[in-house]
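[1] Just to be clear, the model below is a prediction. Sequence and coordinates:
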Amino acid sequence: MSKKIFRLITCEHGGNRIPARYRKLFENEPDALETHEGFDDGALALARDFVRELDAFSVTATTSRLLIDLNRSLGHPGIFSRFTGDLAQDERDRIVEKHYLPYRREVEDAIAGEVRRGRWVLHVSVHSFTPELNGEVRNADVGLLYDPARKNEAEFCRAWKASLAVLAPELKVRFNYPYAGKSDGFTSWLRKCYTGAEYAGIEVEVNQAHVLVGATHWRRVRKALAASLRNTVAQNRIRKS
């Protein structure tokens, strides 16, 4: 018998807000907050669409990743940005306590509670990526990131790609692109805590070019992504792996 699914949507880089205490750090370069360094443009709107489509539980953040990157593990060299990395240790500890740990704990507590109830957690972490980085043009519209060693994650992503191909065949979907699904991130951390029979973590990455084209186009892309995700969940493709 298949387990009941707990649908969880998160968005770690949903906004570019900086708490008043740290705004002076950005006085000389305020435009950085409006770039891909500051937040994942479009990710929050997509995450909200997923929540509505799936009637899912959600945890989202609107504090800029330039304060602290909620998708990184503590100790990762990139968890603090060039604006905050040189702060005194006690100030960095304060940022961790006030802005990093509450977000991570809310997600972790929700998952732990559902696993104790015997439910299987499907976690979709929503991100977007800049069309070009360091002179390299990214060759995809959508990336589905997962751990290839987890068969349920691989099967789910293949099914999601197939559903999206029907609804929006013009979109180029790639697996574990533009980042590897096993690289440091919240889903990778959570996989260390739970088996495949308890948890599956998928990161969806959408090319920000679709956000920049305009509101009408971006709504159409979001609609296709949300509907294809709903269809894939409805197929009940859960494997204990």
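    Cool, got the structure. Numbers count the residues shown, from 1 in each chain.

[2] From residue 45, how far out is residue 39?
    Look at residue 39 and residue 45: by Cβ to Cβ, to the nearest Å, they are 12 Å apart. Just so you know, the C-beta spots here come from the backbone N, C-alpha and C atoms, and that holds for glycine as well.

[3] and if you look at residue 12?
    For residue 12, the distance to residue 45 equals 15 Å [Cβ to Cβ].

[4] So the two - more neighbours on which side?
    The residue with more neighbours, out of residue 12 and residue 45, is residue 12; 26 against 18, by other Cβ atoms under 10 Å.

[5] Just the pLDDT for the more buried one.
    If you check residue 12, the pLDDT there is 98.

[6] Can you name the residues that contact it?
    61, 65, 69-71, 103, 125, 127, 186 (Cβ atoms under 8 Å, 6 or more residues apart in numbering).

[7] Kindly recompute the last result at 6 Å.
    By Cβ atoms under 6 Å, 6 or more residues apart in numbering, the residues touching residue 12 are 61, 70-71.

[8] Let me see the backbone angles for it.
    The phi/psi pair for residue 12 (degrees, to the nearest 10) reads phi -80, psi -20.

[9] Residue 143 and residue 205 touch, don't they?
    Yes - Residue 143 is within contact range of residue 205, at 3.8 Å (criterion: Cβ atoms under 6 Å).

[10] for this structure, what helix or strand is lowest in average pLDDT?
    Ranking every helix and strand in the chain by mean pLDDT, DSSP states H and E puts strand 136-137 at the bottom, with a mean of 90.

[11] Helix or strand next in line after that one, which one?
    The element immediately downstream of strand 136-137 (helix or strand, assigned by DSSP states H and E) is strand 142-145.

[12] Who does that next one pair with, and is each partner parallel or antiparallel?
    Partners of strand 142-145 in the sheet, by DSSP bridges, are strand 173-175 (parallel), strand 199-207 (antiparallel).

[13] And the longest one, what's buried?
    For strand 199-207, burial by neighbour count (16 or more other Cβ atoms under 10 Å) applies to 199-207.

[14] Switch these over to TSV; also include distance to residue 148 and pLDDT.
    Formatted as TSV, these follow (distance: Cβ to Cβ, whole Å; pLDDT from 0 to 100):
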residue	distance to residue 148	pLDDT
199	16	97
200	13	97
201	13	98
202	12	98
203	13	98
204	16	98
205	16	98
206	21	98
207	22	98
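
[15] Those: which two are farthest apart?
    Using Cβ to Cβ, the two most remote members of the buried residues of strand 199-207 are 199 and 207, lying 27.2 Å apart.

[16] can you list contacts of the longest helix that the chain contains?
    For the chain, the helix with the greatest residue count under DSSP state H is helix 215-234. The contact list for helix 215-234, computed with Cβ under 6 Å, 6+ apart, reads 46, 49-50, 53, 159-160, 163-164, 167-168, 210-211.

[17] Just the ones of these in strands?
    Within those, no residue falls in strands by DSSP state E.

[18] quick revisit: now the strands paired with strand 142-145 in TSV, with distance to residue 93?
    Below are the strands paired with strand 142-145 laid out as TSV (distance: least, Cβ to Cβ, whole Å):
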stretch	distance to residue 93
strand 173-175	38
strand 199-207	27
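
[19] I'd like to know which of these lies nearest to residue 7.
    strand 199-207 (11.0 Å).
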